[in-house]
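**Student:** No sequence on hand, only this structure:
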DNA sequence: ATGGTCAACTTGTCCTATAAGCTGATGACA
DNA sequence: TGTCATCAGCTTATAGGACAAGTTGACCAT
């Protein structure tokens, strides 16, 4: 896996030209691993649509537009600036999906799920001093709502977005003081769900995401400032 | 890959209990392949979140809710009824995303992309007798719009949905006479994009998906009728 | 009853060998 | 000179055997 990470970073940096990706043998020699490991490395890169592998042909690097940006693995290996862009694109997606997801969930949510949401809010308000743990529960909160919407495809998409947490942590390590306002947002969403009010849930989720969005913009500004300082 | 398909089907059918998934050795013996192949089979299933693999521990089957239903590989191995359900869930997703995608595209689409869309419409109207080829171009048409929206995450999601074509073909092989109406829909979308009219593009795409939806419902009815006949 | 030890089983990595597929150069032929 | 078949040399795919390393559960001593 370390080999795959290193190789991907080299591809991203432009060190490896499109048609001249290393073969199994190249990798095993360069990194001092066996051909089995080199082989699995290529299999991983292929599963992320980073390269194309076929018997008899050289390995070729695929156009970046076709890479699997939904995969946490790939995200981990990308440079901070690209991850920042992707975070904004992901936010665009969430704005489109999550309000509707909340509305769908309001129509069919069970009491057990509501209990878990309540529990999540409690834990979050206790964790406002620990952003890492907070984001963990945050994501679980949103996933719970997603699951309540009863759609495996949507579920999977939101699950793939779990790299959001670690990625945003990579962008800014400082504790955002705005976690408290997020807890208030979550409570509003929760109450709309308790009332089985689709329109209310949609509106509350939309507000929450808008608040998130301003947060994200501030982070981006900070990152840029830090980059300029360098 | 055949081994992975067979194994997945056995897991789906409930033949393999949760905790007792076969080990590398079991697989290599049962299917008469080397341990390398057995190993890669498990790696594939693990990458689809079907199983968990760790050194020293037995392979365990993960809850179905966590499987990667976005992957064309997995879809291919699932029974028709589940694929039918997934098709409806996918349609729900498209209704949420594609109208907005069309609106975003209208704001920033290039002339080259418009040319390709025009070309796609021409090819589709020539292919109305060949549903397979038609659906191919159809998907390419929608992907082109998606790409114009300039969002890698959304792009990836729609790309993952490419199994829609083959899956719907698996559900019904009869040629839908309604392909002609789809061409009309596409033309409307195209014209809104040419006019750089976001609201118009959104509305046209919404109409198109509504038409698709009634088609899908009819297909589902047909499938059920066929199942009852059995 | 409890706690530590160890044997059996598992995946992870490595090596060597052979099969099978693709590519480009080489040479025969028109 | 141009065209096509052949083949050598690359590649990945598969196989089998060996050892390392981690986990589990049973067994035994206390």
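**Tutor:** Here it is on my side, so go on. Just so it is clear, the model here is predicted, and its values are computed rather than measured. Residues are numbered from 1 along each chain as shown, chains lettered A, B, ... in the order given.

**Student:** Any buried residues in the helix or strand where residue A:96 lies, and which?
**Tutor:** Under the criterion of DSSP states H and E, residue A:96 resides in helix A:80-108. Residues of helix A:80-108 classed as buried by neighbour count (16 or more other CB atoms under 10 Å in any protein chain shown): A:83-84, A:86-87, A:89-106. Where C-beta positions appear, they are placed from N, C-alpha and C, glycine not excepted.

**Student:** Now do the helix or strand following it: which elements does it pack against?
**Tutor:** Under the assignment DSSP H and E, the closest C-terminal helix or strand after helix A:80-108 is helix A:111-126. With contacts defined as 3 or more CB pairs under 8 Å, 6 or more residues apart in numbering or on different chains; DSSP states H and E, helix A:111-126 has these neighbours: helix A:131-148, helix A:179-194.

**Student:** now helix A:111-126 against helix A:131-148, angle please.
**Tutor:** 160 degrees (axes from the mean of the first three to the mean of the last three CA atoms, to 10 degrees).

**Student:** what angle separates helix A:111-126 from helix A:80-108?
**Tutor:** 140 degrees.

**Student:** Pull out the buried residues from helix A:111-126.
**Tutor:** Buried residues in helix A:111-126, defined by neighbour count with 16+ other CB under 10 Å: A:113, A:114, A:116, A:117, A:120, A:121, A:123, A:124, A:125.

**Student:** who are the neighbours in contact with the fifth one?
**Tutor:** Read it as residue A:120. A:137, A:140, A:141, A:144, A:186 (CB atoms under 8 Å, 6 or more residues apart in numbering or on different chains).

**Student:** Please report how far residue A:135 lies from DNA strand C.
**Tutor:** 28 Å (CB to the nearest atom of the strand, to the nearest Å).

**Student:** Which residue is the nearest non-sequential neighbour of that residue?
**Tutor:** Nearest-residue entry for residue A:135: residue A:165, 4.4 Å, with adjacent residues in sequence omitted and distances by CB to CB, 6 or more residues apart in numbering or on different chains.

**Student:** Would you mind stating the distance between that neighbour and residue A:4?
**Tutor:** Distance, residue A:165 to residue A:4, by CB to CB, to the nearest Å: 22 Å.

**Student:** Have a look at those two and say which one is more surrounded.
**Tutor:** residue A:4 (21 against 17; other CB atoms under 10 Å in any protein chain shown).

**Student:** got a list of what the closest residue in space to residue A:163 that isn't next to it in sequence touches?
**Tutor:** Spatially, and ignoring its direct neighbours in sequence, residue A:163 is nearest to residue A:72 (3.9 Å; CB to CB, 6+ apart). Contacts for residue A:72 (CB under 8 Å, 6+ apart) come out as A:160, A:162, A:163, A:166.

**Student:** which regions of chain A lie under the pLDDT threshold?
**Tutor:** Applying pLDDT under 70 to chain A flags residues A:17-19, A:170-178, A:215-216, A:218-230.

**Student:** At the contact with chain B, which residues of it appear?
**Tutor:** A:36, A:40, A:43, A:47, A:65-66, A:68-70, A:86, A:89-90, A:92-93, A:96-97, A:100, A:147, A:151-157, A:159-160 (CB under 8 Å from any CB of the partner chain).

**Student:** Run a quick neighbour tally on residue A:133.
**Tutor:** With other CB under 10 Å as criterion, residue A:133 counts 14.

**Student:** repeat for residue A:38
**Tutor:** Residue A:38 has 22 nearby residues by other CB under 10 Å.

**Student:** Could you confirm it falls within a helix?
**Tutor:** Yes - per DSSP: H, G, I helix; E, B strand; the rest coil, residue A:38 lies within a helix segment.

**Student:** List the contacts of the residue nearest to residue A:133 when sequence neighbours are not counted.
**Tutor:** Once flanking residues are discounted, residue A:133 sits nearest to residue A:127: 4.8 Å by CB to CB, 6+ apart. Neighbour list for residue A:127: A:133, A:134, A:137 [criterion: CB under 8 Å, 6+ apart].

**Student:** nearest to chain B, of these?
**Tutor:** Nearest to chain B among the contacts of residue A:127: residue A:137, at 18.9 Å, using CB to the nearest CB.

**Student:** so the closest one makes contact with residue A:126?
**Tutor:** No - counting by CB atoms under 8 Å, residue A:137 does not reach residue A:126; the two are 9.4 Å apart.

**Student:** Return every residue with contacts to both of the two.
**Tutor:** With CB under 8 Å, 6+ apart, residue A:137 and residue A:126 have no common neighbours.

**Student:** that older thread, buried only: go through the contacts of residue A:120 for me.
**Tutor:** Here, 16+ other CB under 10 Å leaves A:137, A:140, A:141, A:144, A:186 buried among the contacts of residue A:120.

**Student:** what separates the closest residue to the third one other than its chain neighbours from chain B, distance-wise?
**Tutor:** If I follow you right, that is residue A:141. Closest residue to residue A:141 apart from its sequence neighbours, by CB to CB, 6+ apart: residue A:120 at 4.4 Å. Residue A:120 sits at a distance of 18 Å from chain B (criterion: CB to the nearest CB, to the nearest Å).

**Student:** Equivalent analysis for residue A:46, please.
**Tutor:** 10 Å.

**Student:** same thing with residue A:116?
**Tutor:** Relative to chain B, residue A:116 is positioned 15 Å away (CB to the nearest CB).

**Student:** if I pick the closest residue to that residue other than its chain neighbours, what's in contact with it?
**Tutor:** Of all residues not flanking residue A:116 in the chain, residue A:144 sits nearest, at 5.6 Å (CB to CB, 6+ apart). Neighbour list for residue A:144: A:113, A:116, A:117, A:120 [criterion: CB under 8 Å, 6+ apart].

**Student:** With respect to residue A:22, which of these is nearest?
**Tutor:** Residue A:22 lies nearest to residue A:120 out of those, by CB to CB, at 45.7 Å.

**Student:** helices and strands around the helix or strand where residue A:44 lies, which ones?
**Tutor:** Here residue A:44 sits within helix A:35-47, counting by DSSP H and E. Here helix A:35-47 touches helix A:2-12, helix A:24-31, strand A:51-52, helix B:35-47, going by 3+ CB pairs under 8 Å, 6+ apart.

**Student:** how big is the angle separating it from helix B:35-47?
**Tutor:** 30 degrees.

**Student:** can you pull the buried residues of helix A:35-47?
**Tutor:** Buried-residue list, helix A:35-47, by 16+ other CB under 10 Å: A:37, A:38, A:39, A:40, A:41, A:42, A:43, A:44, A:45, A:47.

**Student:** okay, those residues in JSON lines with distance to DNA strand C next?
**Tutor:** Formatted as JSON lines, those follow (distance: CB to the nearest atom of the strand, whole Å):
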{"residue": "A:37", "distance to DNA strand C": "4"}
{"residue": "A:38", "distance to DNA strand C": "8"}
{"residue": "A:39", "distance to DNA strand C": "10"}
{"residue": "A:40", "distance to DNA strand C": "7"}
{"residue": "A:41", "distance to DNA strand C": "10"}
{"residue": "A:42", "distance to DNA strand C": "13"}
{"residue": "A:43", "distance to DNA strand C": "11"}
{"residue": "A:44", "distance to DNA strand C": "11"}
{"residue": "A:45", "distance to DNA strand C": "15"}
{"residue": "A:47", "distance to DNA strand C": "15"}
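
**Student:** Perfect, that will be all.
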